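Sequence first, then the predicted structure:
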Amino acid sequence: MSEFSQDIYTEPSDVDVHTLNNLGPLTRMAGIWEGTRGLDIKPKVDGARKQAYVERIELQPIDPVTNGPQLFYGLRYLILIQKPDQAKTYHEQVGYFLWEPATHTVIQTLAIPRGQIAMASGIVAPDADSFELVATRDSTTYGICSNPFLEYGFKTTEFRINVRFHPDGTWGYDEDTVMLLRGKEDEPFHHIDRNELSKVAEPTPNPMAR
């Protein structure tokens, strides 16, 4: 039996246009953030290698989004990461963090310019001090899609992010991207990324809104 209504077209009548007041557990993430204590544990031919990084994340509110009766509030994000001693971008990522109040679901969509996309989700209390989102390659809803070379050499089987909020207003995350490396498929590799972030600017609501 479907968990959804037979009416898939009628939009909710109580949509609040003030996204920043309706972000649930994402409220404390809105704004522009920087972190200087990033750690990346990545795969190399001779094994795992550690890499320090610095990061800037912009998380800006989007206007409410409806899929018929389904309602999302969210944050559009851009992540730019560099090695401490280089100007070249080390990692770039774009996507959305979405909050569905009716189901207490948080969704993260992500896309990186390596030819890979994913969508992770989790059930989260509106006032949670931490949450976890997960995507798996065998899911047709919250899954992972990669270009043929990544499927061949670095097959991603799971993506997991844990976000934690601190009393001083900062927040941090731990990410675990599980891969099967070519020739080492019996030893899943855990590609780890973690950082702590401090706010450098407040969020800006939709500049086109009147």
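Nice, thanks for sending it over.

and the closest residue to Y9 other than its chain neighbours, what is it in contact with?
Leaving out its chain neighbours, the residue that sits closest to Y9 by CB to CB, 6 or more residues apart in numbering is G68, at 4.9 Å. In short, each C-beta sits where N, CA and C put it, glycine included. Shown in contact with G68 (CB atoms under 8 Å, 6 or more residues apart in numbering): 7-11.

Can you list the strands that the lengthiest strand in the chain pairs with?
What stands out as the longest strand in the chain, according to DSSP state E, is strand 47-67. Taking DSSP bridges as the criterion, strand 47-67 forms sheet pairs with strand 31-44 (antiparallel), strand 70-82 (antiparallel).

picking up where we left off before, quickly note the distance from the residue nearest to Y9 to T19.
19 Å (CB to CB, to the nearest Å).

Break down the chain into its strands, ranges please.
With DSSP E as the criterion, the chain has strands spanning 31-44, 47-67, 70-82, 89-100, 105-112, 116-123, 130-136, 144-146, 154-165, 171-181, 189-201.

of all those, which lies closest to V15?
strand 47-67 (5.0 Å; CB to CB).

Dump the closest one to PDB, restricted to CA.
Extracted in PDB, the C-alpha atoms of strand 47-67 (Å, rounded to 0.1, in the frame of the first residue of the first chain):
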ATOM      1  CA  GLY A  47      47.500   2.900   0.200                       C
ATOM      2  CA  ALA A  48      45.600   5.600   2.200                       C
ATOM      3  CA  ARG A  49      47.000   9.100   2.200                       C
ATOM      4  CA  LYS A  50      46.100  12.000   4.500                       C
ATOM      5  CA  GLN A  51      45.600  15.500   3.100                       C
ATOM      6  CA  ALA A  52      44.900  18.700   5.000                       C
ATOM      7  CA  TYR A  53      42.500  21.200   3.400                       C
ATOM      8  CA  VAL A  54      40.700  24.500   3.900                       C
ATOM      9  CA  GLU A  55      37.100  25.000   2.900                       C
ATOM     10  CA  ARG A  56      34.400  27.600   2.200                       C
ATOM     11  CA  ILE A  57      30.700  26.600   2.100                       C
ATOM     12  CA  GLU A  58      27.900  28.900   1.000                       C
ATOM     13  CA  LEU A  59      24.500  27.800   2.200                       C
ATOM     14  CA  GLN A  60      21.800  30.100   0.900                       C
ATOM     15  CA  PRO A  61      18.000  29.700   1.400                       C
ATOM     16  CA  ILE A  62      15.900  28.800  -1.600                       C
ATOM     17  CA  ASP A  63      12.200  29.600  -1.900                       C
ATOM     18  CA  PRO A  64       9.700  26.800  -0.900                       C
ATOM     19  CA  VAL A  65       9.400  24.000  -3.400                       C
ATOM     20  CA  THR A  66       6.400  21.800  -4.000                       C
ATOM     21  CA  ASN A  67       5.900  18.500  -5.800                       C
END
